[in-house]
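> got a structure for you, letters missing:
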């Protein structure tokens, strides 16, 4: 047993270990050495947040980044009219705020909890040291950044070329991929109609109307905020996601 493990066990601190979490979630940290993982375990700050809590706000300076251990966080930008544009949802194993740390710029997004969560806050100096000393970690971080850029480019294309109906169908399919379905085919993430609208990039009223249409077409079922997917192939056809 490592020194860090002994200290945490002695103090009865139930903090997740990065090596175990990295393997379970296939996260970026699986590319770190044993010594580097020990360093994170020692330096990180384990924090708990409730739904509605804000981890950081757009325009603020942040001195570290976050790794999600449990729960769901929405990452969004705020328009001139105060309307949110949701960029992504972060779940277990994901990291957020790392790009602002690397660029040494104010946060370009806001992160708000939508499902009670636990996160590890890791000081920026730790990230810089790994980027400089671990080529495998640096390469995977670069790949992650490129993947997020590709998603942003795809979103811009969808906004320009797809109808709201197509975009909503595609969003529902992405939520299936990212969060999965339970044994009754309900999405494992629960979102308000406003949050769905903020992902799609349209008015809440439009999402309410389209969800009702999808229900009438027997593509989904609605039970409050819970959405049951009853015809995934039908949603795929509407979204043109493979077209």
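Arrived safely, thanks for sending. A quick note: this is a predicted structure, and the numbers were derived from the prediction, not measured.
> quick one: the strands in the protein?
Counting by DSSP state E, the chain has strands at residues 45-49, 54-56, 64-78, 84-90, 95-96, 110-123, 220-223, 226-229.
> Quickly, which of the ones you listed bottoms out on average pLDDT?
Lowest mean pLDDT within these: strand 84-90, at a mean of 90.
> so that strand versus strand 110-123, what angle?
Calculated by axes from the mean of the first three to the mean of the last three CA atoms, to 10 degrees, strand 84-90 forms an angle of 40 degrees with strand 110-123.
> So which bits of strand 84-90 are buried?
Of all the residues in strand 84-90, those buried under the rule 16 or more other CB atoms under 10 Å are 84, 86, 87, 88, 89, 90. Bear in mind the C-beta positions are built from the backbone N, C-alpha and C, glycine included.
> Not counting its neighbours along the chain, what's nearest the third one?
Excluding the flanking residues, the one nearest residue 87 by CB to CB, 6 or more residues apart in numbering is residue 75, at 4.9 Å.
> per the record, what domains does the protein have?
Using automatic domain parsing, the domain parsing of the chain gives 3-158, 162-239.
> Can you tell me which of those domains has the worst average pLDDT?
Mean pLDDT per stretch puts domain 3-158 lowest among these, at a mean of 87.
> gap between it and the chain center?
9 Å (CA atoms, centre = their mean, to the nearest Å).
> Likewise for stretch 145-159?
Here stretch 145-159 is found 15 Å from its chain centre; the criterion is CA atoms, centre = their mean.
> returning to that earlier point: got CSV for the buried residues of strand 84-90, with distance to residue 222 too?
As requested, the buried residues of strand 84-90 are arranged in CSV below (distance: CB to CB, whole Å):
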residue, distance to residue 222
84, 22
86, 20
87, 25
88, 24
89, 20
90, 26
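> most centrally placed residue in this protein?
Of all residues in the chain, the one closest to the mean position by CA atoms, centre = their mean is residue 90, 1.5 Å from it.
> Verify the stated contact: that one with residue 72.
Yes. Taking contacts as CB atoms under 8 Å, residue 90 lies within contact range of residue 72: 7.1 Å.
> The nearest residue to residue 30 once chain neighbours are set aside: neighbouring residues, count only.
Closest residue to residue 30 apart from its sequence neighbours, by CB to CB, 6+ apart: residue 22 at 4.2 Å. Counted with other CB atoms under 10 Å, the neighbours of residue 22 add up to 19.
> Show the contacting residues for residue 22.
28, 29, 30, 32, 37, 93 (CB atoms under 8 Å, 6 or more residues apart in numbering).
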